[in-house]
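In: Got a predicted model here, sequence first, then my questions.
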Amino acid sequence: MTDTQQQSEFQHQQLMIKGVSLHVITTGQRNKPAVLFLHGFPENWASFAAIMAGLRDDFFTIALDLPGIGQSGKIAANDKKTVAGYVKGVIDALELNLVTLVGHDVGGMITYAYLHAYPNELTKAVIMNVAVPGIDPWAQVKQNPNVWHFRFNTIPDLPETLVADRQRPFFDYFFNTISAKPENISEQARSTYAEAYATYDALHTGFEWYRTFAQDEKDNEATKGKALTTSVLYLRGEREYGNLDDYINGFRESGLTNVQGKLIPGSGHYAPDESPEAVIEILKTFLA
C-alpha cells in the first residue's frame, strides 16, 4: 500500500473539547475495540499512521495532535494530568468503548497520568519509550548527561528563541542520535513533524511539556501506592538506554499491579517510526 492510499483511508475531524479545537484522526470499524494513540515530542499524530493502518482491520484506531500541536488548539496548562483531561474529552465525545490508550514519549507520560486520573476506565494501556516523572528510575534518568535536553528545554524562552525557524535541524539531531534506525524516519516524516511545530505556540507547547515535569512529579508522587489493576504493557527499544526491569519495578512500586514489559527488537527511542511492523505485532498480541 502506498503512502497516498494509506492516508486516504484516514478520516480527519476537529472536535471541540473544553472549548479547544482538537485535530482527531480515525480509521477502522466503529464497532471494534478502540485503540487511541498519543504521540510524543517532537512528533504529531502521523508518527502512529503506519501502526493505525496495521491494526485497523481488527480495531477502531484513533490518534490526535496533542493540544497545541499541528492542527490542535493550545491550552493554558500542559502538565500531563491536565492534558489527560482533554484525552478523556476525546474518548467521551467519540463515545469510545473498550479503550486501550497507547502513548509514546510524552504521550506515555500522559497515558500514565490518565490511568490514575480515571482509574479502571481503560481496558488496557501501553506506555512506550519513556521515563515517567517521579516514577523510578526517573531520578537516575534525569542525571544521565545524554538527556541534556531535559534541562535545556526547561529554560524559559531561550529554546523557542534558538529553535524558531530551525525546527528541522533541531529535531533531526534527536532523530539521528537516539534512534537505532534513523534511516527509517523518512524525509517526509521529518518534514511533517517540523511543520507541526512551525508556529511559536506549537514550539512553546513542546517545551512546556518539559517545564511541567516538576508538577508531573508532584502529581505522580501523590498517587503512588494507589493500586491499579488495568493491564499495562511497557515497551522500550532494545537499543535504548536503560534496563527494562528498572522501569517495570518502578511501575509496580507506583501501584500498577498488572504491568509487563517487552523490548522492541533492534529499535531505539522512536519505535513507532523505526520499527512499526514490530510494534504492530507486539500490540496485536497484547490486545488479543
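Out: Looks like it came in fine. Everything numeric here is computed off the predicted structure, so don't read it as measured data. Residues are numbered from 1 along each chain as shown.
In: quick one: stretch 177-190 to chain centroid distance?
Out: On the basis of C-alpha atoms, centre = their mean, to the nearest Å, stretch 177-190 sits 17 Å off its chain's mean C-alpha point.
In: Same check on stretch 234-251?
Out: With C-alpha atoms, centre = their mean, you get 16 Å for stretch 234-251.
In: Next: stretch 128-139.
Out: 13 Å.
In: So, low pLDDT: which residues of the protein?
Out: Within the chain, the ranges that satisfy pLDDT under 70 run 1-8.
In: Repeat the analysis, applying 50 as the threshold.
Out: Along the chain, segments meeting pLDDT under 50 span 1-5.
In: which residue is nearest the middle of it?
Out: Closest to where the C-alpha atoms of the chain average out (C-alpha atoms, centre = their mean) is Gly107, at 2.3 Å.
In: Give the phi and psi angles for that one, as a check.
Out: The phi and psi values for Gly107, taken as degrees, to the nearest 10, are phi -60, psi -30.
In: Kindly report the same for Val232.
Out: According to degrees, to the nearest 10, Val232 has phi -120, psi 130.
In: State the distance from the residue nearest to it when sequence neighbours are not counted to Gln188.
Out: Nearest non-adjacent residue to Val232, counting by C-beta to C-beta, 6 or more residues apart in numbering: Val259, 4.3 Å away. To be clear about C-beta, it is placed using only N, CA and C from the backbone, and glycine gets the same treatment. Distance, Val259 to Gln188, by C-beta to C-beta, to the nearest Å: 35 Å.
In: So between the two, which is more surrounded?
Out: Val259 (21 against 10; other C-beta atoms under 10 Å).
In: thought that one was touching Glu253?
Out: No: Val259 is not in contact with Glu253 according to C-beta atoms under 8 Å; the separation is 10.5 Å.
In: Strand partners (parallel or antiparallel) of the helix or strand where Gly103 lies?
Out: Here Gly103 sits within strand 99-104, counting by DSSP states H and E. Paired with strand 99-104 in the same sheet, following DSSP bridges, are strand 34-38 (parallel), strand 124-128 (parallel).
In: now the ones you listed as JSON lines including distance to Val83 and mean neighbour count?
Out: Output for these, formatted as JSON lines (distance: least, C-beta to C-beta, whole Å; neighbours: other C-beta atoms under 10 Å):
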{"stretch": "strand 34-38", "distance to Val83": "9", "mean neighbour count": "27"}
{"stretch": "strand 124-128", "distance to Val83": "15", "mean neighbour count": "25"}
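In: Including distance to Lys80, could those go into a markdown table?
Out: Below are the strands paired with strand 99-104 laid out as a markdown table (distance: least, C-beta to C-beta, whole Å):
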| stretch | distance to Lys80 |
| --- | --- |
| strand 34-38 | 10 |
| strand 124-128 | 12 |
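In: and Leu66, which of those strands is closest to it?
Out: strand 34-38 (6.7 Å; C-beta to C-beta).
In: Next secondary structure element downstream of that closest one?
Out: Following strand 34-38 in sequence, per DSSP H and E, is helix 49-55.
In: residue ranges of the helices in the stretch 151-288 of the chain, please?
Out: In the stretch 151-288 of the chain, the segments counted as helices under DSSP state H, counting those that start in this stretch are 158-163, 167-177, 187-196, 200-211, 213-222, 244-254, 271-274, 276-287.
In: Let me know which of those helices is tucked in deepest.
Out: Across the helices of the stretch 151-288 of the chain, averaging neighbours per residue (mean count of other C-beta atoms under 10 Å) puts helix 271-274 on top, at a mean of 27.
In: Could I get the buried residue list for stretch 104-124?
Out: For stretch 104-124, burial by neighbour count (16 or more other C-beta atoms under 10 Å) applies to 104-117, 122-124.
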